[in-house]
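K.L.:
Provided below for reference: sequence and predicted model.
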Amino acid sequence: METDFCGYDMLAAKLSSLVSGERNPLPNLSNAAALLRYSLTDISWAGFYISDAAAGELILGPFQGKPACIRIKYGRGVCGTAAAYNKAVRVDNVHEFEGHIACDAESNSEIVLPLHGAGGNVVGVLDIDSTKFSRFSEDDERGLLEFAAVLESACDWGMIS
Ligand code: SME
């Protein structure tokens, strides 16, 4: 797939422009997923899971890639671990991650970052998969934190959670 990656600062700037004037998370997350999928190299899936705190689960949100599992319990898989412990999780080899949920058998590495609402609560996660092993470095994690921060402040999370 042809991509157009000009660095994470530029990616965050493009996202800021895309979300400006819109507070609803649905269109903003949809455009963010498309931006990631068509900007980053060697990405097989990019998207979001939204917190359903009452159910203790994450539910599938806007994404780009193959169809994925719909609900993930907090604490399960890479996404549920990131949500439950409120921390970014970078996995160089998903086959060695205890409890990894294989939505796509071709995925080999993954990064998941929690997204926070205004009160600091986890409102969802950003999840990116790659068919390459060790695709995501510390630099990617830093850059994606910057990307996630744009979304956190651009959206009224109460509209969907
Ligand atoms: N691999 C994830 C599940 C979601 S898919 O990658 C889209 C996990 O272990 O939580």
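P.N.:
All right, it came through fine.

K.L.:
does Arg135 sit in a helix, a strand or a coil?
P.N.:
Using DSSP: H, G, I helix; E, B strand; the rest coil, the structure places Arg135 in coil.

K.L.:
The spatially closest residue to it that is not a sequence neighbour pairs with what?
P.N.:
Leaving aside its chain neighbours, Arg135 sits nearest to Ser109 (4.5 Å; criterion: Cβ to Cβ, 6 or more residues apart in numbering). Where you see a C-beta, it was placed from the backbone N, CA and C, and this is true even at glycine. On the basis of DSSP bridges, Ser109 is bridged to Ser130.

K.L.:
Assign the residue lying farthest from the centre of the chain to helix, strand or coil.
P.N.:
Checked against the mean C-alpha position of the chain, the extreme residue using Cα atoms, centre = their mean is Gly21, at a distance of 21.9 Å. At Gly21 the chain is in coil, as set by three-state DSSP.

K.L.:
go on, Ile128?
P.N.:
Assignment for Ile128 (three-state DSSP): strand.

K.L.:
For the residue nearest to it when sequence neighbours are not counted, pull up the helix or strand it's in.
P.N.:
Ranked by Cβ to Cβ, 6+ apart and with sequence neighbours excluded, the top spatial neighbour of Ile128 is Ala46, at 4.8 Å. Per DSSP states H and E, Ala46 falls inside strand 45-52.

K.L.:
And the following helix or strand past that strand, what does it pack against?
P.N.:
Later in the chain than strand 45-52, the nearest helix or strand by DSSP H and E is strand 57-64. With contacts taken as 3 or more Cβ pairs under 8 Å, 6 or more residues apart in numbering; DSSP states H and E, strand 57-64 sits against helix 25-39, strand 45-52, strand 71-73, helix 77-85, strand 122-130.
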